[in-house]
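**Q** Just to be clear, the model below is a prediction. Sequence and coordinates:
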Amino acid sequence: MDILTVIAGLCISTAALAYLAHTDPKRRRVFGQPGYQKPRRVWSSLLVLSAPGVWLLISENGAGFTIWLGALTVIGWGVATTNPARAEAWRETARASLNIIGRVVILGWSSLVSGVRSVRAGMKLVRDGTERIALLEARVDQLEAELQRLRPALQRFQAIDVDGSWPEHKRSKTIVRS
């Protein structure tokens, strides 16, 4: 987890450093670019730039802070030596990559959410199914007990019917009136 914190901090600090390089009036003048039209936010950029380092120090991650500081120095040299045309091309590439990564993350998140919902529904179906099966088994047991209680009477009726001891005229007949 410490490595991911350092990498995330480097990404945040690099973005702030690139913003500062992009809006620097002297740098823009040297490369023949027009002045930056929007207001520069130097202090907030410096705060964002140094926030990951402060976070690493507060979280007592001295090794992570040292790695962040060294990597930020090398990245800063790279940002300083990059001409604005190349930086613009990289910015467009980064923007396109972040769009793709964002879509993948969103699709992955939505797939994860739908998968979790499916698993929950399946668990509910299994749970409801086991409850229904238990209720059905209880009802079958109840009906079997009632059948056992009624079985001697049914056997007696079957014996009388098979034996034929009842005369034909005493058997019940259904009378249909029109």
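**A** Received, thanks.

**Q** CA only for contacts and neighbour counts going forward, please
**A** Will do.

**Q** tell me the mean pLDDT for the helix or strand hosting V6?
**A** Assigned by DSSP states H and E, V6 falls within helix 2-23. Taken as a whole, helix 2-23 carries a mean pLDDT of 87.

**Q** helices or strands next to that helix in the packing?
**A** Helix 2-23 sits against helix 42-58, helix 62-81, with contacts defined as 3 or more Cα pairs under 8 Å, 6 or more residues apart in numbering; DSSP states H and E.

**Q** go with 6 Å
**A** Helices and strands touching helix 2-23, by 3 or more Cα pairs under 6 Å, 6 or more residues apart in numbering; DSSP states H and E, are helix 42-58.

**Q** what's the domain layout of the chain?
**A** 1-82, 84-163 (automatic domain parsing).

**Q** CSV please, covering these and showing mean neighbour count.
**A** Output for the domains of the chain, formatted as CSV (neighbours: other Cα atoms under 10 Å):
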stretch, mean neighbour count
domain 1-82, 15
domain 84-163, 12
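
**Q** Compare these and say which comes out lowest on pLDDT.
**A** The weakest mean pLDDT among those belongs to domain 84-163, with a mean of 76.

**Q** How far away from the center of its chain is that one?
**A** Relative to its chain's centre, domain 84-163 lies at 19 Å (Cα atoms, centre = their mean, to the nearest Å).

**Q** now swap in stretch 59-68 and tell me
**A** Relative to the centre of its chain, stretch 59-68 is centred 31 Å away, using Cα atoms, centre = their mean.

**Q** For that stretch, give me every contacting residue.
**A** V6, G53, L56 (Cα atoms under 6 Å, 6 or more residues apart in numbering).
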